[in-house]
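Peer 1: return atomic coordinates for the entry below.
(one chain, ligands or ions: 2)
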Amino acid sequence: MTRIRDEFDVRSRPSKKGTRPRTKTRPEHADAVTGFVTGVDRGRYTLLVDEDLPTERRVIAMKARELTRQRVVCGDRVDIVGDATGEPGSLARIVRIQERRSVLRRTADDTDPYERIIVAGADQLVIVTALADPEPRTRMIDRCVVAAYDAGLDVLLCLTKADLASPDELIDLYRPLGVEIVVTQQEPDGGLRTDEVLALLSGRVSVLVGHSGVGKSTLVNALVPDALRAVGVVNDVTGRGRHTSTSAVALRLPGRAGWVIDTPGVRSFGLAHVEVSDVVAAFDDLAEVALECPRGCVHTEAAPDCALDAWVAHAPEDDKDARAARLESLRRLITARTAVG
Ligand SMILES: Nc1nc2c(ncn2[C@@H]2O[C@H](COP(=O)(O)OP(=O)(O)OP(=O)(O)O)[C@@H](O)[C@H]2O)c(=O)[nH]1
Ligand SMILES: [Zn+2]
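Peer 2: Ligands and ions are numbered 1, 2, ... in the order given. Here you go, the predicted structure:
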């Protein structure tokens, strides 16, 4: 397996001048305030400061020099100094990225050798998949699930276009993994009932991914009726007319019920660093059984004496099918990890 270099692998070398104390002129920015990054556009970051307080405001910021090698992404919480008033034309400086609860990476590709972080601090990954037109691609879904679990995110599988095909098969395939599943369909008037989805997004930061045409925009527009306007705000400030960027953008659900982060153009996730044990670790029951496996067991069907096979074979009759389905799902994820597509 090729090891893909992480953008942060670059070790920082001590400078020739030795260790110069740098805290003299800039202590630890005691006057800094915290912002939530809702958008990134060509080196300009849109932040929400004082979230949910009467003083809540949008602030535009750039990275301070000391951060140039670090990537600030949507969902980050950052500390800023300078002009944090949010007044038109004001520009603050990001001096610190706060510890990240989670990081989701997209894969390296032909044009970019790094697995880059695309979103930080999310709670769940919403995999938007159409039941038809385009046909669901389970390999792709499996890879998204692996990426989510590796990033420490929960998974919500959102099956769209239920007016075109039944969700039953996919539900049977994914229920054994224990992921949340929600089914949507456009009404004849073009609208979309969102109460069920909203309930599952409530109070959380959710990242939406999905291939072109699956109905992700339709869903986002139904969830956040002023989504386009919200994005427009970002671009008014940066002077760009339309939201044409390919970077992620965080949109607040009505009633401040949570955040959805839309990720246009994200096709695949970096899985090169994910070990078999990372996948198994996402399932408490299976991870416990796997402790009994021979050393170095890869838990596939061909793996000799895999304890997971015995776990199914010795299941109580009424649990046998469920265990078999769960093991099959786990094995699918383990292979999806290294497969292409
Ligand atoms: N039949 C049916 N069509 C839908 C449904 N939801 C969305 N569509 C249609 O599917 C097409 C694609 O929807 P979009 O919301 O643009 O899909 P997207 O995933 O955002 O795709 P891109 O804009 O290419 O990224 C549009 O013609 C929608 O009207 C649905 O529930 N049922
Ligand atoms: Zn095993």
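Peer 1: next, the buried residues of the helix or strand harbouring residue 170.
Peer 2: Assigned by DSSP states H and E, residue 170 falls within helix 168-174. For helix 168-174, burial by neighbour count (16 or more other Cβ atoms under 10 Å) applies to 170, 173-174. For every residue, glycine as well, the C-beta is placed using N, CA and C.
Peer 1: strand partners of the following helix or strand past that helix, parallel vs antiparallel please.
Peer 2: Going down the chain from helix 168-174, the next helix or strand is strand 180-183, by DSSP H and E. Strand 180-183 pairs in its sheet with strand 154-160 (parallel), by DSSP bridges.
Peer 1: need the contact partners of the partner strand.
Peer 2: 123-131, 136, 141, 144-145, 148-149, 167, 170-171, 174, 177, 179-185, 197, 200-201, 206, 210, 214-215, 218-219 (Cβ atoms under 8 Å, 6 or more residues apart in numbering).
Peer 1: can you flag the buried ones in these?
Peer 2: 123-131, 136, 141, 144-145, 148-149, 167, 170, 174, 177, 179, 181-184, 197, 200-201, 206, 210, 214-215, 218-219.
Peer 1: which ones among the residues you listed are found in strands?
Peer 2: If you go by DSSP state E, the buried ones among the contacts of strand 154-160 have 124-130, 181-183, 206 in strands.
Peer 1: dump those to JSON lines, plus distance to ligand 2 and pLDDT.
Peer 2: Shown next, in JSON lines, are those (distance: Cβ to the ion, whole Å; pLDDT from 0 to 100):
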{"residue": "124", "distance to ligand 2": "28", "pLDDT": "97"}
{"residue": "125", "distance to ligand 2": "26", "pLDDT": "97"}
{"residue": "126", "distance to ligand 2": "31", "pLDDT": "97"}
{"residue": "127", "distance to ligand 2": "27", "pLDDT": "96"}
{"residue": "128", "distance to ligand 2": "33", "pLDDT": "96"}
{"residue": "129", "distance to ligand 2": "29", "pLDDT": "96"}
{"residue": "130", "distance to ligand 2": "35", "pLDDT": "97"}
{"residue": "181", "distance to ligand 2": "27", "pLDDT": "98"}
{"residue": "182", "distance to ligand 2": "32", "pLDDT": "98"}
{"residue": "183", "distance to ligand 2": "34", "pLDDT": "98"}
{"residue": "206", "distance to ligand 2": "33", "pLDDT": "98"}
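Peer 1: for stretch 68-75, list every residue counted as buried.
Peer 2: Buried residues in stretch 68-75, defined by neighbour count with 16+ other Cβ under 10 Å: 71-75.
Peer 1: let me see the mean pLDDT of it.
Peer 2: Average pLDDT, stretch 68-75: 93.
Peer 1: need the contact list for the nearest residue to residue 257 once chain neighbours are set aside.
Peer 2: Spatial nearest neighbour of residue 257, excluding adjacent residues (Cβ to Cβ, 6 or more residues apart in numbering): residue 202 at 4.9 Å. Counting by Cβ under 8 Å, 6+ apart, residue 202 touches 253, 257-258.
Peer 1: and these, which is closest to residue 313?
Peer 2: residue 258 (43.0 Å; Cβ to Cβ).
Peer 1: partner residues bridging that closest one?
Peer 2: Residue 258 has these beta-bridge partners by DSSP bridges: residue 204.
Peer 1: so for the helix or strand containing residue 48, mean pLDDT?
Peer 2: Element membership of residue 48 [criterion: DSSP H and E] is strand 44-49. Strand 44-49 comes out with an average pLDDT of 96.
Peer 1: that strand: how far from the chain's middle?
Peer 2: Centroid displacement of strand 44-49 relative to its chain, using Cα atoms, centre = their mean, to the nearest Å, is 19 Å.
Peer 1: rewinding a little: can I get the buried residues of helix 168-174 in JSON lines with pLDDT and distance to ligand 2?
Peer 2: JSON lines is the format used below for these (pLDDT from 0 to 100; distance: Cβ to the ion, whole Å):
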{"residue": "170", "pLDDT": "96", "distance to ligand 2": "27"}
{"residue": "173", "pLDDT": "93", "distance to ligand 2": "22"}
{"residue": "174", "pLDDT": "95", "distance to ligand 2": "22"}
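Peer 1: nearest to residue 113, out of those: which one, please.
Peer 2: Within the buried residues of helix 168-174, the smallest distance to residue 113 is 32.6 Å, found for residue 174 (Cβ to Cβ).
Peer 1: quick one: low-confidence parts of the stretch 151-300 of the chain?
Peer 2: 228-246 (pLDDT under 70).
Peer 1: around ligand 1, which positions in it sit nearby?
Peer 2: Contact residues (Cβ under 6 Å from any ligand atom) of the stretch 151-300 of the chain with ligand 1: 160-161, 163-164, 184-186, 210, 212-218.
Peer 1: in helices only, show me these.
Peer 2: 216-218 (DSSP state H).
Peer 1: and the helices in the stretch 1-150 of the chain?
Peer 2: Secondary structure of the stretch 1-150 of the chain (DSSP state H, counting those that start in this stretch): helices at 138-151.
Peer 1: what about the strands in it?
Peer 2: Assigned by DSSP state E, counting those that start in this stretch, the strands in the stretch 1-150 of the chain fall at 33-41, 44-49, 57-63, 77-82, 92-97, 103-105, 117-120, 124-130.
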